[in-house]
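[1] Test case, fold it:
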Amino acid sequence: MALPVFAGLAAEPVDSVAHIIQVALTPVFMLSGIGTLLNLFNTRLARVSDHIEQANALLTDDNDDPDRNLTLEKHLVRLHRRTLMLDTAILAGGLGGAASCGAAFVLFLGSVRDSSVATWLVIMFGLALACTVGALALFLGDSLIAWHGLKREGPMPRPAPRAA
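    Model (predicted):
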């Protein structure tokens with residue numbers, strides 16, 4: 001006995017079902033790309049966090065060089081801006097991934113229930129695209145802060161040599 005949910009699918013030709021599956025895979029491929037971006041953003045955020053820890057450790061050591069401390073404080077301000085950019089990029093990427101899943105779900109729901117879901121599909125897939133573009137723009141912002149900060153402030157000072 002066929003399930004009532006799938007009763008309408010048996011009457012449809014294989015080509016239309018294959019087309020539904022092909023169309024539904026588009027958001028899944030987008031989700032894969034978004035997952036890769038989220039991995040990149042998280043890795044970069046971990047590196048920025050390591051730099052923050054290193055700068056804080058250098059600020060708290062027994063070095064009273066005001067120029068060095070000022071440079072470290074400038075680095076910390078820049079690193080905190082980068083953290084904010086990357087956190088927001090991760091949030092936008094996560095929302096884009098959720099919207100991609102929503103678009104795939106809406107496609108399947110529309111095909112199973114034989115209802116018009118075009119409006120929801122456009123909203124979900126459009127949201128996924130907008131969030132992904134936003135995440136990439138924020139990633140570009142982080143990169144610009146990193147590049148210009150390095151150019152303007154130079155590399156982070158090294159730890160002071162320890163007296164023997």
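
[2] Let me see the ranges of the helices in this protein.
    Chain-ordered helices for the chain, with DSSP state H as the definition, fall at 7-11, 14-60, 66-113, 118-153.

[3] Pro159: which of those helices is closest?
    Evaluated with CB to CB, those place helix 14-60 nearest to Pro159, the distance being 6.1 Å. Any C-beta I mention is one placed from the backbone N, CA and C, and that applies to glycine too.

[4] Tell me the helices and strands packed up against that closest one.
    On a contact count with 3 or more CB pairs under 8 Å, 6 or more residues apart in numbering; DSSP states H and E, helix 14-60 meets helix 66-113, helix 118-153.

[5] could you dump the helices of the chain to a markdown table with mean neighbour count?
    Below are those laid out as a markdown table (neighbours: other CB atoms under 10 Å):
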| stretch | mean neighbour count |
| --- | --- |
| helix 7-11 | 10 |
| helix 14-60 | 15 |
| helix 66-113 | 18 |
| helix 118-153 | 16 |
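
[6] hang on, the earlier thing: any chance of a markdown table for the helices and strands packed on helix 14-60, columns mean pLDDT?
    Listed next are the helices and strands packed on helix 14-60 as a markdown table, based on pLDDT from 0 to 100:
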| stretch | mean pLDDT |
| --- | --- |
| helix 66-113 | 85 |
| helix 118-153 | 83 |
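
[7] closest one to Gln22 among those?
    When the helices and strands packed on helix 14-60 are compared by CB to CB, helix 66-113 sits nearest Gln22, at 10.3 Å.

[8] how far does the closest one sit from the chain's center?
    4 Å (CA atoms, centre = their mean, to the nearest Å).
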